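Asks: just need the structure, nothing else, for what follows:
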Amino acid sequence: FVDAIIIMLTVPTALTGGMLFQFIWGYNFSVAVWVGYIALFGMATSTGILMVAFLKEAFEKRGEENIKDEAQITEAILEGAVLRLRPKLLTISTTIFGLLPMLWATGSGAEIMRPLAVPIIGGSFTSTLVTLFVIPIIYHTVKRWQLLRHLRPKKVKVKRPGRGWFGKKRTGESPLP
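Replies: Coordinates of the predicted model:
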């Protein structure tokens, strides 16, 4: 459940970048723009899934039960995030470079394709920043909290002598009528 929430954090930031880029280029909302947002949300979610998967893989490779302190959590996070850096940058750069000709097209159909490319390009920038920097930080925070919760001593229930309402001895009857 926590992983899904972390993954879904990429969607609002991708939306922010798409809307900012849409505002800069001066496009109104249209069907083409909405299609661009749908494609952007799919891309942002898939890259978030891949980042969390790489982070989980780094933890599994070290053995989650072997991680005893925060330094080991940081090492695992860095290992997983660095493994994901090159593929993420290559994916985003090919997407952006592939959409740039669509953004500056002037031929027939360009009035449909330009608004489609704008949110994808803008949202890809912000989604990349969140995926590369914010997701590992949040994942580190969650893992640290889980480790501290696991290391915290368990509460022991202490049985008290049979006292009922208002400190009176229990007689088996309820004081309520």
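
Asks: only C-alpha atoms for contact and neighbour calcs from this point on.
Replies: Fine.

Asks: give me the longest helix you can find in the chain.
Replies: Counting residues, the longest helix in the chain under DSSP state H turns out to be helix 70-103.

Asks: next secondary structure after it?
Replies: The C-terminal neighbour of helix 70-103 among helices and strands, as given by DSSP states H and E, is helix 110-129.

Asks: averaged pLDDT, that following helix. What do you get?
Replies: For helix 110-129, the mean per-residue pLDDT is 88.

Asks: same for the longest helix of the chain, what does it pack against?
Replies: Applying 3 or more Cα pairs under 8 Å, 6 or more residues apart in numbering; DSSP states H and E, one finds that helix 70-103 makes contact with helix 31-62, helix 110-129, helix 135-151.

Asks: now those in JSON lines, with mean neighbour count and distance to Pro87?
Replies: Shown next, in JSON lines, are these (neighbours: other Cα atoms under 10 Å; distance: least, Cα to Cα, whole Å):
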{"stretch": "helix 31-62", "mean neighbour count": "19", "distance to Pro87": "10"}
{"stretch": "helix 110-129", "mean neighbour count": "23", "distance to Pro87": "11"}
{"stretch": "helix 135-151", "mean neighbour count": "16", "distance to Pro87": "16"}
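
Asks: pipe the ones you listed into CSV and attach distance to Phe97 per row.
Replies: Formatted as CSV, these follow (distance: least, Cα to Cα, whole Å):
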stretch, distance to Phe97
helix 31-62, 15
helix 110-129, 9
helix 135-151, 25
